[in-house]
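**Q** model this:
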Amino acid sequence: MSVIKSKVNTNSAAYRENYQKMLAKIDELNKHLKQSLFQGEEKHLAKAKSQGKLLARERIEMVLDQDSPFLELLPLAGLGVKGGFGTGGTMVAGIGFVSGKMCLITANVGTNKGGAIDIATLKKALRINEIGNENNLPSINLVESAGANLPDQAQVFNLGGNNFKEITRRSKKGIPTISIVFGNSTAGGAYIPGMSDYTIFIKGKAKVFLAGPPLVKMATNEIVDDETLGGAEMHSKISGVSDYLAQDELDGIRIARELMANLDLKHETSATSVYKEPNYPIDELLGIVSVDTKVPFDCREVIARLVDGSEFHEFKKEYGTTLICGYAKIHGYPIAIIGNNGVLFNDSANKGAHFIQLCNMNNTPILFLQNITGFMVGKEYEQNGMIKDGAKMINAVSNSEVPMFTLMMGASYGAGNYAMCGRAYNPRFLFSYPNSMIAVMGSEQLAGVMQMVSREAAIKSGQQFDEAQAAQMKEFMKAEIEKQSNAFFATGQLWDDGIIDPRDTRHVFGLVLALTYMNEVKGTNAWGVYRM
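**A** The predicted structure is shown next:
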């Protein structure tokens with residue numbers, strides 16, 4: 001393959017200035033990630049420790065193989081959402097290795113609101129289930145949850161059933177779930193172990209029941225203690241809900257690791273071949289990827305710092321030049337890359353649709369590197385069929401069956417978001433850089449359009465249009481739009497699977513590709529109607 005030769009001047013003032021601005025964005029990211037580490041008030045943490053309990057993140061650390069990576073997913077879910085249980089919700093979730101097998105691991109944060117499920121936590125759980133199902137990942141649930149947060153029940157109850165349904169659907173596919181119950185697991189929380197393939201209850205700690213003693217008293221007038229009603233020993237010896245009675249938390253984790261070691265899974269990853277590191281330091285991405293989304297940068301410079309040996313076989317290099325397409329490898333795994341180098345024109349949209357078809361014929365996963373303001377507009381482009389050419393690329397993305405991944409590096413505006421495999425097009429994973437922006441259009445354009453519409457409405461109705469007031473309103477709207485377009489707002493709404501430091505990009509997608517190649521990668525040769 002051809003080797004990309006970088007043209008970046010790392011000594012230029014523009015590079016150094018952008019580098020510092022990106023560091024500031026990463027500092028903001030790290031501040032929010034620190035907030036997501038909250039596991040409850042100090043008194044609740046102290047109580048758990050006094051009872052011989054590990055905290056949620058400690059449980060994850062103990063279940064993982066030594067030195068295993070852990071790709072945490074949706075760590076900032078609920079960021080900025082009023083009335084929720086805080087950044088990250090009451091669940092920690094991610095992907096790592098257990099007994100040499102790549103697993104999906106979730107842990108209720110029982111020391112924060114008893115691990116009760118608020119809206120953000122539910123949405124996070126639903127997305128985690130999608131990831132487990134799409135990637136055929138065996139799951140380990142570290143359970144300690146009070147069930148649905150009752151004040152949120154109207155929004156949590158109906159969708160909450162998906163969590164139980166997906167456990168059984170994965171089981172039907174031969175993808176097992178192991179649940180270790182560490183504490184109270186009430187009502188809906190009881191069905192997590194109830195639906196699992198294997199259950200491990202901690203002696204003297206696990207309490208699993210559909211209704212606790214107070215509700216039983218209210219419903220049936222029966223008086224019963226929680227151990228008799230739903231304790232670990234009762235479920236291990238009488239009800240059969242528990243398969244293993246563990247003496248303590250470490251014993252329960254040991255049993256789960258042994259179970260995973262003995263499971264005969266057909267979805268294990270194989271070691272990759274020897275691969276070369278990129279020719280350029282990935283640290284240089286901080287100076288290359290523009291913090292200001294209005295400032296362009298060359299997508300090839302990003303690719304040169306992500307792919308093995310900076311080698312990239314570019315497709316149709318001289319045609320449709322605002323869209324970069326080609327083949328490369330990351331950590332030895334084959335990958336197709338589609339990246340933006342400007343607005344999408346007719347030729348670049350056609351090129352993208354063509355390349356996506358080829359990737360499906362070639363059974364090659366696709367990584368979309370988004371930095372897109374949308375499709376080109378104007379009389380010439382409309383008359384040349386921009387809509388139908390853009391529709392071809394969106395059609396190709398919609399019907400593609402090879403695994404697709406998306407990285408939002410800068411702007412993600414309008415239908416360009418769709419053509420470049422935005423959230424609505426179900427990429428296997430979607431990550432963002434902390435500088436990225438997502439909206440119908442840029443704040444300046446959107447506020448300007450709204451101002452023009454208001455002016456025309458006033459003229460049609462015969463009213464006087466106050467230009468000074470309109471200018472003030474435009475600036476206010478710009479600020480509000482930018483606030484609701486930035487990466488941190490987006491990740492709080494679960495529009496991505498997490499914001500990543502650009503310097504971690506190669507490792508993140510190396511792990512994602514290792515996971516992808518555990519399964520057969522198979523494309524399609526069937527497409528919807530292309531409007532010609």
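**Q** did I read that right, Phe405 in a strand?
**A** Yes: looking at Phe405 with DSSP: H, G, I helix; E, B strand; the rest coil, it is inside a strand.
**Q** tell me which element Glu520 falls in.
**A** For Glu520, there is no host helix or strand (DSSP states H and E).
**Q** now it: how far from Thr322?
**A** Relative to Thr322, Glu520 is positioned 34 Å away (CB to CB, to the nearest Å). C-betas here are computed from N, CA, C, even on glycine.
**Q** Need the distance between the two termini of stretch 260-276.
**A** 32 Å (CA to CA, to the nearest Å).
**Q** Same question for stretch 94-104.
**A** End-to-end for stretch 94-104, by CA to CA: 6 Å.
**Q** Show me the contact partners of that stretch.
**A** 60, 63-65, 68-73, 93, 105, 128, 131-132, 135, 137-140, 256-258, 260-261, 263, 265, 268-269, 511, 514-515, 518 (CB atoms under 8 Å, 6 or more residues apart in numbering).
**Q** Would you mind listing the buried residues in it?
**A** Burial within stretch 94-104, assessed by neighbour count using 16 or more other CB atoms under 10 Å, is assigned to Gly94, Ile95, Gly96, Phe97, Val98, Ser99, Lys101, Met102, Cys103, Leu104.
**Q** So for it, mean pLDDT?
**A** Stretch 94-104 shows a mean pLDDT of 96.
**Q** How far off centre is it?
**A** Centroid separation for stretch 94-104 versus its chain: 17 Å, with CA atoms, centre = their mean, to the nearest Å.
**Q** cool, and stretch 175-190?
**A** 23 Å.
**Q** what's the most distant pair in the buried residues of stretch 94-104?
**A** The distance between the two most remote of those (CB to CB) is 16.6 Å, for Gly94 and Ser99.
**Q** picking that back up, just the buried residues of the contacts of stretch 94-104.
**A** 60, 63-64, 69-73, 93, 105, 128, 131-132, 135, 137-140, 256-257, 260, 263, 265, 269, 511, 514-515, 518.
**Q** Just the ones of those in helices?
**A** Of the buried ones among the contacts of stretch 94-104, the ones assigned to helices by DSSP state H are Ile60, Val63, Ile128, Ile131, Gly132, Ala256, Arg257, Met260, Leu511, Ala514, Leu515.
**Q** where does this structure dip in pLDDT?
**A** Applying pLDDT under 70 to the chain flags residues 266-273, 441-443, 446-447, 449.
**Q** Kindly list the longest helix within it.
**A** helix 13-36.
**Q** Could you check how far the residue of the chain most remote from its centre is from Met473?
**A** Farthest-out residue of the chain from its mean C-alpha position, per CA atoms, centre = their mean: Gly462, at 50.0 Å. According to CB to CB, Gly462 stands 20 Å off from Met473.
**Q** Equivalent analysis for Val291, please.
**A** 27 Å.
**Q** mind listing the helices for the stretch 401-532 of the chain?
**A** 414-419, 443-460, 467-483, 487-492, 505-516 (DSSP state H, counting those that start in this stretch).
**Q** For the third one, which residues meet the burial criterion?
**A** The neighbour-count check on helix 467-483 (16+ other CB under 10 Å) flags Ala470, Lys474, Met477, Lys478, Ile481, Glu482 as buried.
**Q** Touching, the fourth one and Glu444? I think so.
**A** Yes: contact status for Lys478 versus Glu444: in contact at 6.4 Å, counting by CB atoms under 8 Å.
**Q** sorry, back to before: closest one to Gly161 among the helices of the stretch 401-532 of the chain?
**A** helix 487-492 (24.6 Å).
**Q** Give me every residue in contact with that closest one, excluding its own residues.
**A** 28-29, 32, 74, 76-81, 87, 120, 408, 432-438, 483, 496, 498-499.
**Q** Neighbours of Gln51, how many?
**A** When neighbours are counted by other CB atoms under 10 Å, Gln51 registers 11.
**Q** correct me, but Val402 touches Asn363?
**A** Yes: counting by CB under 8 Å, Val402 does reach Asn363; the two are 6.4 Å apart.
**Q** who touches both of these two?
**A** Val521, Lys522, Gly523.
**Q** Select from the residues you listed the one having the most neighbours.
**A** That'd be Gly523 among the shared contacts of Val402 and Asn363, by other CB under 10 Å, with 20 neighbours.
**Q** The closest residue to it other than its chain neighbours: helix or strand, and which one exactly?
**A** What sits nearest to Gly523 in space, not counting adjacent residues and going by CB to CB, 6 or more residues apart in numbering, is Asn360, at 2.9 Å. Assigned by DSSP H and E, Asn360 belongs to helix 346-361.
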